[in-house]
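Undergrad: Here is a sequence together with a model predicted from it:
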Amino acid sequence: MSQDDKYKEIIKKEMAKLTKPARLKIFTSQRTEADGSKIRACMDCGQFMALLRIYEENSNGMLTIEELSIDNNPEFVKSYDIQRVPTILFINDDGREIIRYLAAPRGGEIQPFVQSLFTFAGAPNYYEATIKQNLDRIQPSTIKVMITEMCPYCPSVVSTASQFALASEGKIRTVIVDILANPDIGQFYDASGVPYTIINDKKTLVGMVGANEILGALIGGNIKVQY
Amino acid sequence: MYNIDMEDIDLEKRYDLIVLGGGPTAIGCAIYAARFALDVLVIGKIFGGLIATTHLVENYPGVTSTSGQGLMEMFKEHMNSLCIPYITDEIRNIEQASDHFILYSFFQKFKAKSVVIATGSERKKLGIPGELEFAGRGVSYCATCDGPFYKDKTVCVIGGSDSAAKEALFLSQNVKKVYIIYRGEEIRAEPINKKRVEENQKIEIIYKTNVTEIKGDNTVKSVIFDNGKEFEIDGVFIEVGSIPNSDLAKHIGIRTNEKDEIIINRKSETNIPGVFAAGDVADAPFKQAITGVSEGVIAAYSAFDFIKEMNIEY
């Protein structure tokens, strides 16, 4: 079995467990030609869509992937500040962006993506109680996690940062960026190592960081925990 | 794997065994514990541990050749097949109650009748000027993670171990040139890897040299040798050994040796009854994935025995 087939199997197995509905938006460069056919100008967009369809098709109808063309949806592009395609968004019921993927959820990134989908659909979130206890100390924040597909430490950081965003009632937004696919973003932050986590474009956490370190950076102090 | 099965995790439950760690030792221990019908939970800071960063594993019986990540994928699958829950968190304190332990993480509290510490080790820092300043911006401890950023560039690996040789071999696939900078007179790689290094046209070894400083502007530009020479370089990979993650063990009074490794006996027992240790965090002289798994398995059996002998209901 090839590595790709193995990953497809993992997606199939995990997505079959999704029992609550979830909807994701993906912005692509899809446009309709004069003859009615649809094409995507960006090559990655097609690959992303094919990948997301595997998640969708194996979810027992629980996951809906909504493809939005940047050409046909200028209001969304503006309101969600879509600057590149493909961009995957987890948007909550209030229309608030929770997680943004500028990275393909494949390879080692399948597990944290599936976990985010499950939590987004209502599954329990391990960090929820602590995040809620500390919510008054968390300013509206953005956690940017720079990753690459082959980085073995990245899925763990992506998982934690995503779970934080999902538990924060919209106070935390997490952005996951593959900096080999988006080298300009990596260069902007001088990142030539991953995982590379940036809190509010100010504080940088280099390498493998635990949930306590990320939360510590968000609140700037000791974590309150009521056991 | 990353808490996906939260619905299966009962925070009120008194587990038979909680295994701390996310590497081969912890997973091997958990697999055996599950087969001993122990109620087991694994809490790790990172799934895969240090071996996940190794690009080539050729010495694990039954697996001719794979990456560290590939090996851990197999471990994960095995663990999933036994429905062993895994939580990404870090335990910071353990207290002893009458017939169980209370484990405090940054996020939750857990109860267990026995504990196995398999928290592994982490990469040692060089402790030279520029190392922390350029971390993630030219200084790296993981070739698998960061190697692709140095395509057609010149990098160095500091260290002379088998791991350093393997890092250099991995990097040579993409970079223009790799220098191994080693303070000794001969690298200590396994003969097979030493031969590969010697035959690799892109790798050059600089012996009897220490790096005393890493310099650059936004990213690394050069290193300074102990002979005063400035050497231009685009990336520095540090591979000078590892240190055991034994702070928690020391904090709760577990005996460690002069290297901060947990002292264990042949049953993986520590000086605290019911608390066992295994793998890189323990005091074995030769540390490999397979030796860690072996100690982890022994620890699982000892935990099983401990619960039985203590007549703790399980």
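TA: Arrived safely, thanks for sending.
Undergrad: wait, doesn't B:L126 sit right on B:I238?
TA: Yes - using C-beta atoms under 8 Å, B:L126 makes contact with B:I238 at a distance of 5.6 Å. Using the backbone N, CA and C atoms, a C-beta is placed for each residue, glycine as well.
Undergrad: Skipping its backbone neighbours, what lies nearest A:V157 in space?
TA: The shortest distance from A:V157 to any non-neighbouring residue, by C-beta to C-beta, 6 or more residues apart in numbering or on different chains, is to A:P195 (4.3 Å).
Undergrad: Neighbours of that neighbour, how many?
TA: 27 (other C-beta atoms under 10 Å in any protein chain shown).
Undergrad: Isn't A:I214 up against A:S141?
TA: No - using C-beta under 8 Å, A:I214 is not in contact with A:S141; the gap is 10.2 Å.
Undergrad: okay, the two: which has more neighbours?
TA: Using other C-beta under 10 Å, the more surrounded residue of A:I214 and A:S141 is A:I214, with 23 against 18.
Undergrad: Distance check, the more buried one against B:I94.
TA: Note on A:I214: its distance to B:I94, by C-beta to C-beta, to the nearest Å, is 23 Å.
Undergrad: what do you get for A:K144?
TA: Relative to B:I94, A:K144 is positioned 35 Å away (C-beta to C-beta).
Undergrad: so where do the helices sit in chain B?
TA: B:24-35, B:68-81, B:143-146, B:162-171, B:191-199, B:247-251, B:289-309 (DSSP state H).
Undergrad: I'd like those as CSV, with distance to chain A and mean pLDDT appended.
TA: Shown next, in CSV, are these (distance: least, C-beta to the nearest C-beta, whole Å; pLDDT from 0 to 100):
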stretch, distance to chain A, mean pLDDT
helix B:24-35, 13, 98
helix B:68-81, 5, 90
helix B:143-146, 4, 92
helix B:162-171, 11, 96
helix B:191-199, 20, 96
helix B:247-251, 13, 97
helix B:289-309, 14, 96
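Undergrad: Would you format those helices as JSON lines with mean neighbour count included?
TA: Formatted as JSON lines, the helices of chain B follow (neighbours: other C-beta atoms under 10 Å in any protein chain shown):
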{"stretch": "helix B:24-35", "mean neighbour count": "27"}
{"stretch": "helix B:68-81", "mean neighbour count": "19"}
{"stretch": "helix B:143-146", "mean neighbour count": "26"}
{"stretch": "helix B:162-171", "mean neighbour count": "25"}
{"stretch": "helix B:191-199", "mean neighbour count": "14"}
{"stretch": "helix B:247-251", "mean neighbour count": "16"}
{"stretch": "helix B:289-309", "mean neighbour count": "22"}
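Undergrad: which stretch among the ones you listed comes nearest A:E128?
TA: helix B:68-81 (23.6 Å; C-beta to C-beta).
Undergrad: Give the other helices and strands that the closest one contacts.
TA: Counting contacts by 3 or more C-beta pairs under 8 Å, 6 or more residues apart in numbering or on different chains; DSSP states H and E, helix B:68-81 packs against helix B:24-35.
Undergrad: re earlier: touching both of A:I214 and A:S141, which residues are there?
TA: Residues touching both A:I214 and A:S141 (C-beta atoms under 8 Å, 6 or more residues apart in numbering or on different chains): A:I199.
Undergrad: Just want the residue of the stretch 201-314 of chain B that's nearest chain A.
TA: Going by C-beta to the nearest C-beta, chain A is nearest to B:N218 of the stretch 201-314 of chain B, at 4.8 Å.
Undergrad: what number of residues lie near that residue?
TA: Using other C-beta under 10 Å: B:N218 sits among 12 other residues.
Undergrad: residues in contact with B:C142?
TA: Residues counted as contacts of B:C142 (C-beta under 8 Å, 6+ apart) are A:151-153, A:193, A:207, B:53, B:123.
Undergrad: Alright, I will stop here.
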